[in-house]
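[1] need coordinates for the following:
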Amino acid sequence: MRENYITVKGYGTSELVIQKSRFLTSIRRAETEEDALTFINEVKKSHHTATHNCSAYLIGEHDGIQKANDDGEPSGTAGFPMLEVLKKQGLKDVVVVVTRYYGGIKLGSGGLIRAYGRATSEGITAAGTVERNLHSLMKVTVDYTWLGKIENEVRQSKYPLKEIIYANDVDLLIYVPVLEEDAFTQWMMDLTNGQMQILSIEHEFLEFSL
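    Take a look at the predicted model:
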């Protein structure tokens, strides 16, 4: 499983007018090819009168699934430059559709490449980007006598405290980057003089805006 990657924050749209042609960008996160194709079809349905609905998507840890579609534009002038923008920005699990309403003025191959690339970039900006980091949810169990010290130290640290569960002992649920599990465990050992129990419950991605 990948430990961190960058993707779009959510759904985004933007509009660009070049030589009387309107370029409408629709973009969102897609974790499967089925998600991507569903989104593309939804946009095409919404803009069924458009001249072109060009698309591109990247899916998978190593971009194992990547497709580009010119949808009637000259070969290599739309889908491919859109895909290249996604790659250059280091995005994963993302699908983008650029809808063009032709304005009557031909842009030429170079103009189309620039237009679709710019439209994609502006769509990404509109959606926003996040870094998703894989964390372990660590359960730290201590006696009540340690609660004040541990809670205070954790709240002042970089580790997000998810929840405190009060029972016979106290469970603190804390998010820790997967590569820092050993260091975090040692830190807890030092704070409690070894008087604690610690367990990794599950793995979960946390998102941080870029």
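
[2] how does the chain divide up, domain by domain?
    The record's domain split for the chain, according to automatic domain parsing, is 4-127, 131-209.

[3] deepest in the core, which of the ones you listed is it.
    Greatest average neighbour count among these goes to domain 4-127 (a mean of 18), per mean count of other CB atoms under 10 Å. (Each C-beta comes from the backbone N, C-alpha and C, glycine too.)

[4] quick one: end-to-end length of that one, please.
    19 Å (CA to CA, to the nearest Å).

[5] can you check the pLDDT for the most centrally placed residue in the chain?
    The centroid of the chain falls nearest to T7 when counting by CA atoms, centre = their mean (2.6 Å). Looking at T7, its pLDDT is 97.

[6] where do the strands sit along the chain?
    For the chain, strands defined by DSSP state E occupy the ranges 4-8, 12-18, 21-29, 52-59, 65-69, 94-101, 129-142, 161-166, 170-177, 197-209.

[7] by how many degrees do the second one and strand 94-101 diverge?
    With axes from the mean of the first three to the mean of the last three CA atoms, to 10 degrees as the basis, strand 12-18 and strand 94-101 are set at 40 degrees to each other.

[8] for the record, mean pLDDT for the top helix by length along the chain?
    In the chain, with assignment by DSSP state H, the single longest helix is helix 108-127. Across helix 108-127, pLDDT averages out at 98.
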